[in-house]
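**Student:** Provided below for reference: sequence and predicted model.
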Amino acid sequence: MIKATNLSVRLSGTQVLHGVSIEAAAGQLTAIVGPNGSGKTTSLKAIAGELPYDGTVSINGHNIATLKPWELALKRAVLPQSTVISFPFTVREIVRMGLSVGAKADAADTDRIARDALEAVDLSGFAGRFYQELSGGEQQRVQLARALCQIWEPVQHGESAFLLLDEPVSSLDIRHQLTIMRLAKNFCERGGGVIAIMHDLNLTAMFADRMIMMKAGRVHATGHPNEVMTNAVMEAVFGCAMRVNATPAGNVPFVLPHTAA
Amino acid sequence: MPRSEMVAGDGRSQSFAARLKSDWHMGDRSRLAQLLILVLIVVAAAMFSTSIMTGAADASLGNVLRWLIGMEGAGQALSVRDRIIILDIRLPRAVLGLMVGASLAVSGAVMQGLFRNPLADPGLVGVSSGASLGAVLLIVLGSSFFGPLFTIFGFYALPIAAFIGGLITTLLLYKIATRSGQTSVATMLLAGIALGALAGAVTGVLIFMADDKQLRDLTFWGLGSLAGANWMKILSAGPIILVSLAVVPFLARGLNALTLGEAAAFHMGIPVQRLKNIAIVSVAASTGASVAVSGGIGFVGIVVPHVLRMLIGPDHRYLLPASALLGGTLLIFADMIARTIVPPAELPIGIITAFAGAPFFLWILLRGRSHMGL
């Protein structure tokens, strides 16, 4: 379980988070949703431990401020929004970088993990390609494979590991959006936890177990997508009146931009 | 859900799976890199021996070896003059060339990894100028201001002064060019030019102030060549260079991760701040030591890592040792050209490396503009 309590963050003099509290349980896909500039990425960065914050963040009961970088790396992996590199690494070399942290198994085993991770993001056959020559969506999937390698076993020594994903499907085509969301869901089903920043409300409704709706640096609403995705919340958070509907079979909420007033 | 289900398209045929396996190995350049390192070791040894045998006095490798193991046959004995030439002139010169070349190439590679950019080079961004300033400060103001330094550090004083000059420049450059984990290439190069010019100006003032004896010392020191190589210089700079060279392999994995950005490297478990501190100190130390014993020798630090990245890729675990070997080999080679091209005079080696390196650098710029964020 990841527990962030009362997070406040100032970035170059401006307060961007005002006492945000976020919980993400193992076995669940927790989606953070909200308008641009509402503090989603800042929250995720604070939880990842990469920027200074007031408040506390703990993973499985360990305060992350007391953990060394390599200890943190075994408990959580992070997918940033986009990664630009200036050296000609191949896809294989990038994916294997994720391995070097928890490297414990023998060489053949780590090699298999890296290959399986690449296959899981549907990039088999891309190992020899240069990262810099891939499309944005392909690069994003390479980075996800790299992050997956880092915590390949969702449960290690009885502790759940967490994937922190910043807009994991933002530059993907619809088929790969589904591939990646299923992959994240699968990671939760095998005992891990996922926190994902999402923009696509309908994918969020389909896959999220819990939804955290942010607005202006605060948490506006929390709960199951069925509870959070309501006409009132949509209008209050995004400032446009839209009708939320539900699919007949699974009662999954969806919202069409066509309905915006 | 079993793992096979999370993989897209699991109904593929066996032959396709076999092809995937081979594709996977296409991205693997580690075997190639290991092979290249072996080749470079052989080439470096060959270049080293050739350099010892090359010169006006005739001393063949066979004779030298026989003399070294004490098995000289009749008529093969080395004259005293030849022994002195080999032991006190050519051997220290080759050793110094190997060390300085390795140090220049490795500090280039580490600095490029630190700044996440293939254009960063201690010579290019003012670190060498800062190191020179440190050395000149010591020579000119030495007796009056830094007397105690000489008594404490003896002949290590010059490399240490150059190291401090280089360290201050590198720290300033990093502070100026890097904001919240992002390094601006344009800022880095321009700030490097400014810092280099500033250091050069102060150096100019000091030379202006220098008396005749100091001027002679400065001229000797600033020739930018291996001509003054002797065992004393090797003893003074060698330990610093060797320690830096011994430390950097431990930075390799961290520098690889740093390619993806400081945040990503931290996510992967790298203690980023410590990595940067060690990298900055080791670059400044090896640049300072090199500058102290051989003056400014340009372009080795940028050309060598670049050529190697094209051959074996940017993985620092292989790039760093290969850079050391190729840098040492090339500098010994350049030095052989420098001392044989206009006999009996010698060209400063910096001229040779600039003639070869500057056009190459322009070619890198033209070829790789899109990849370097320019």
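**Tutor:** Done, it's in.

**Student:** from memory B:Asp217 sits against B:Ile139, does it?
**Tutor:** Yes - B:Asp217 lies in contact with B:Ile139 (Cβ atoms under 8 Å); the separation is 5.2 Å. (C-beta placed from N, C-alpha, C; glycine too.)

**Student:** For those two, work out which one has more neighbours and name it.
**Tutor:** Per other Cβ atoms under 10 Å in any protein chain shown, whichever of B:Asp217 and B:Ile139 has more neighbours is B:Ile139, with 23 against 16.

**Student:** Please, which helix or strand holds that one?
**Tutor:** Using DSSP states H and E, the element containing B:Ile139 is helix B:127-145.

**Student:** List the buried residues of that helix.
**Tutor:** B:127-140, B:142 (16 or more other Cβ atoms under 10 Å in any protein chain shown).

**Student:** what's the closest of those to B:Ala102?
**Tutor:** B:Ser128 (16.0 Å; Cβ to Cβ).

**Student:** I'd assumed A:Gln139 was in a helix, is it?
**Tutor:** Yes - under DSSP: H, G, I helix; E, B strand; the rest coil, A:Gln139 sits within a helix.

**Student:** average model confidence for stretch B:105-118?
**Tutor:** Per-region confidence: stretch B:105-118 scores 91 on mean pLDDT.

**Student:** How about that stretch and chain A, touching?
**Tutor:** Yes - between stretch B:105-118 and chain A, judged by Cβ under 8 Å from any Cβ of the partner chain, the touching residues are B:116-118.

**Student:** Of those residues, which belong to strands?
**Tutor:** Among those, no residue falls in strands (DSSP state E).

**Student:** any chance of these in CSV, plus neighbour count?
**Tutor:** As requested, the residues of stretch B:105-118 next to chain A are exported to CSV (neighbours: other Cβ atoms under 10 Å in any protein chain shown):
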residue, neighbour count
B:Arg116, 23
B:Asn117, 22
B:Pro118, 23
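
**Student:** Just the closest of those residues to B:Ser323, please.
**Tutor:** Nearest member of those to B:Ser323, counting by Cβ to Cβ, is B:Pro118, at 12.5 Å.

**Student:** Which single residue in the stretch 101-250 of chain A comes nearest to chain B?
**Tutor:** Closest to chain B within the stretch 101-250 of chain A is A:Gly128: 2.9 Å, counting by Cβ to the nearest Cβ.

**Student:** Nearest residue to that residue in space, please, no chain neighbours.
**Tutor:** Leaving out its chain neighbours, the residue that sits closest to A:Gly128 by Cβ to Cβ, 6 or more residues apart in numbering or on different chains is B:Met26, at 2.9 Å.

**Student:** Correct me if wrong: the one you found contacts A:Phe130.
**Tutor:** No - judged on Cβ under 8 Å, B:Met26 makes no contact with A:Phe130 at a distance of 11.2 Å.

**Student:** Now for those two: what residues contact both?
**Tutor:** Counting by Cβ atoms under 8 Å, 6 or more residues apart in numbering or on different chains, the contacts common to B:Met26 and A:Phe130 are A:Thr90.

**Student:** so which strand or helix has A:Trp70?
**Tutor:** Here A:Trp70 is covered by helix A:69-75, with elements defined by DSSP H and E.

**Student:** Got phi/psi on A:Pro88?
**Tutor:** The phi/psi pair for A:Pro88 (degrees, to the nearest 10) reads phi -80, psi 70.

**Student:** count of neighbours near it?
**Tutor:** As a burial measure, A:Pro88 scores 17 neighbours (other Cβ under 10 Å).

**Student:** pretty sure it contacts B:Gly313?
**Tutor:** Yes - the pair formed by A:Pro88 and B:Gly313 meets the contact definition of Cβ under 8 Å, at 6.6 Å.

**Student:** Next up, phi/psi of the residue nearest in space to the middle of chain A, please.
**Tutor:** Nearest to the centroid of the C-alpha atoms of chain A, with distances taken as Cα atoms, centre = their mean, sits A:Leu165, at 1.9 Å. When quoted as degrees, to the nearest 10, the phi and psi of A:Leu165 stand at phi -120, psi 120.

**Student:** Correct me if wrong: it contacts A:Ala184.
**Tutor:** Yes - between A:Leu165 and A:Ala184 there is a contact at 6.8 Å, judged by Cβ under 8 Å.

**Student:** what touches both of those two?
**Tutor:** Common neighbours of A:Leu165 and A:Ala184 (Cβ under 8 Å, 6+ apart) are A:194, A:196.

**Student:** Contacts only, for the residue nearest to the centre of chain A.
**Tutor:** Taking Cβ under 8 Å, 6+ apart, we find A:Leu165 in contact with A:78-79, A:144, A:147, A:184, A:194-197.

**Student:** picking that back up, for the residue of the stretch 101-250 of chain A closest to chain B, give me its contacts.
**Tutor:** A:90-92, B:23, B:25-27.

**Student:** so it sits in a strand?
**Tutor:** No - counting by three-state DSSP, A:Gly128 is not part of a strand but coil.

**Student:** Tell me the buried residues in the host helix or strand of A:Asn245?
**Tutor:** Element membership of A:Asn245 [criterion: DSSP H and E] is strand A:244-246. Of all the residues in strand A:244-246, those buried under the rule 16+ other Cβ under 10 Å are A:Val244.

**Student:** After it, which helix or strand is next? Please name it.
**Tutor:** Next helix or strand after strand A:244-246 toward the C-terminus (DSSP H and E): strand A:253-255.

**Student:** partner strands of that next one, parallel or antiparallel?
**Tutor:** Note on strand A:253-255: by DSSP bridges, its sheet partners are strand A:244-246 (antiparallel).

**Student:** any idea how far stretch A:83-101 is from the chain center?
**Tutor:** Distance of stretch A:83-101 from the chain centroid (Cα atoms, centre = their mean, to the nearest Å) equals 20 Å.

**Student:** Pull out the buried residues from stretch A:162-179.
**Tutor:** Neighbour-count burial for stretch A:162-179, counted by 16+ other Cβ under 10 Å, picks out A:162-172, A:176-179.

**Student:** pLDDT (mean, whole number) over that stretch?
**Tutor:** 94.

**Student:** got it, and stretch B:324-339?
**Tutor:** 93.

**Student:** what do you get for stretch A:78-96?
**Tutor:** pLDDT averaged over stretch A:78-96 gives 91.

**Student:** Name the residues of that stretch that come out as buried.
**Tutor:** Of the residues in stretch A:78-96, those buried (16+ other Cβ under 10 Å) are A:78-80, A:83, A:85-96.

**Student:** That stretch near chain B at all?
**Tutor:** Yes - interface with chain B: stretch A:78-96 contributes A:78, A:80, A:83-94 (Cβ under 8 Å from any Cβ).

**Student:** Which pLDDT value belongs to the residue of the stretch 101-250 of chain A closest to chain B?
**Tutor:** 90.

**Student:** List every C-alpha atom in stretch B:118-129, with coordinates, as PDB.
**Tutor:** Once non-C-alpha atoms are left out, stretch B:118-129 reads as follows in PDB (Å, rounded to 0.1, in the frame of the first residue of the first chain):
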ATOM      1  CA  PRO B 118      28.200  14.000 -26.800                       C
ATOM      2  CA  LEU B 119      29.600  17.500 -27.200                       C
ATOM      3  CA  ALA B 120      30.800  18.000 -23.600                       C
ATOM      4  CA  ASP B 121      34.600  17.800 -23.400                       C
ATOM      5  CA  PRO B 122      36.900  19.300 -20.700                       C
ATOM      6  CA  GLY B 123      38.900  21.000 -23.400                       C
ATOM      7  CA  LEU B 124      35.900  22.500 -25.100                       C
ATOM      8  CA  VAL B 125      34.000  23.800 -22.200                       C
ATOM      9  CA  GLY B 126      36.800  25.600 -20.300                       C
ATOM     10  CA  VAL B 127      37.700  22.900 -17.700                       C
ATOM     11  CA  SER B 128      41.200  22.700 -19.200                       C
ATOM     12  CA  SER B 129      41.500  26.500 -19.200                       C
END
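
**Student:** So what's the gap between it and the chain middle?
**Tutor:** Remark: stretch B:118-129 is offset 11 Å from the chain centroid, using Cα atoms, centre = their mean.

**Student:** How about stretch B:102-118?
**Tutor:** Worked out by Cα atoms, centre = their mean, stretch B:102-118 lies 8 Å from the chain centre.
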